[in-house]
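*Asks:* I would like the atomic coordinates for the input below:
(one chain, ligands or ions: 1)
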Amino acid sequence: MSALKNALLLSHEYIKKVLKEGNTAVDATCGNGHDTLFLSEIVGRSGRVFAFDIQENAIESTRARLFEYNAPDNTTLILDGHEHMNQHITGMVRAVMFNFGYLPGGDHQKATQTETSIAAVRSAMHLLSSGGIITLCIYSGGDTGFSERDGLLAFCKSIDPNEFFVLSHEFINQENNPPILVCIEKK
Ligand SMILES: C[S@@+](CC[C@H](N)C(=O)[O-])C[C@H]1O[C@@H](n2cnc3c(N)ncnc32)[C@H](O)[C@@H]1O
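*Replies:* Predicted coordinates:
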């Protein structure tokens, strides 16, 4: 067991630092609802979570997880692509989590796609309040290939340094392309 944290664990650490009770957060890829539950518990009854997925079974799986863990009644589940996030959310958000790729145990064809992923990150950047954070957990290799990773990283490198800090975390000597975490913080 390594003392170094993987992309998912690190994303949770960063989110816990900036997201507080009463804030608004977004799970841009709710899947089986692990991150939605995590966000819901942090923001509590006085906060709000918006959770997106394009698959009905992901939305239902998230609904079931929130129920099972008796989550606060603070989450809006949205069956739509995250690239349309700004049509569903008004007001500023403190944190947005993206966990790209496909639903574990689900249809690998219904994975996130480079173009819509970048459009969604752009939308999230507009909705983010000052000091707020976006986490991108980016997978590559296998079925996923490398084009989404490469497209997202190229986009992230082009983000205006006067407006945002962008930090990438990556294991650089491990096999099987471990996920990369990119954090975008609004100044
Ligand atoms: C790796 S899974 C997310 C896992 C999830 N965070 C969890 O805790 O279980 C990626 C999810 O992104 C969803 N997805 C694919 N394209 C999407 C899009 N354009 N907008 C929103 N979700 C999308 C997939 O349906 C899949 O459920």
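*Asks:* which residues does the residue of the chain found nearest the ligand contact?
*Replies:* Residue nearest to the ligand within the chain: Gly31 (2.6 Å; CB to the nearest ligand atom). To be clear about C-beta, it is placed using only N, CA and C from the backbone, and glycine gets the same treatment. Going by CB atoms under 8 Å, 6 or more residues apart in numbering, Gly31 touches 53, 58, 61-62, 99, 103-104, 106.
*Asks:* and it, how far is that from Glu60?
*Replies:* Going from Gly31 to Glu60 by CB to CB, to the nearest Å gives 11 Å.
*Asks:* So the residue of the chain closest to the ligand belongs to a strand, correct?
*Replies:* No - under DSSP: H, G, I helix; E, B strand; the rest coil, Gly31 sits outside any strand and is assigned coil.
*Asks:* who's in contact with Leu103?
*Replies:* 31-32, 55, 57-58, 110.
*Asks:* what does the chain put close to the ligand?
*Replies:* When proximity is defined by CB under 6 Å from any ligand atom, the chain lies next to the ligand at 29-35, 52-55, 58, 81-83, 99, 101-103, 110-112, 116.
*Asks:* Looking at these, which are in strands?
*Replies:* Mapping the residues of the chain next to the ligand onto strands (DSSP state E) picks out 52-53, 99.
*Asks:* Same question for stretch 133-141: list its buried residues.
*Replies:* Within stretch 133-141, the residues scored as buried using 16 or more other CB atoms under 10 Å are 133-140.
*Asks:* Apologies, that question was intended for stretch 88-98.
*Replies:* Using 16+ other CB under 10 Å as the test for burial, stretch 88-98 gives 89, 93-98.
*Asks:* do the same with stretch 171-180
*Replies:* By 16+ other CB under 10 Å, the buried positions in stretch 171-180 come out as 177, 179-180.
*Asks:* one step back: could I get the buried residues of stretch 133-141 as JSON lines with pLDDT and secondary structure?
*Replies:* JSON lines is the format used below for the buried residues of stretch 133-141 (pLDDT from 0 to 100; DSSP: H, G, I helix; E, B strand; the rest coil):
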{"residue": "Ile133", "pLDDT": "98", "secondary structure": "strand"}
{"residue": "Ile134", "pLDDT": "98", "secondary structure": "strand"}
{"residue": "Thr135", "pLDDT": "98", "secondary structure": "strand"}
{"residue": "Leu136", "pLDDT": "98", "secondary structure": "strand"}
{"residue": "Cys137", "pLDDT": "98", "secondary structure": "strand"}
{"residue": "Ile138", "pLDDT": "98", "secondary structure": "strand"}
{"residue": "Tyr139", "pLDDT": "96", "secondary structure": "coil"}
{"residue": "Ser140", "pLDDT": "95", "secondary structure": "coil"}
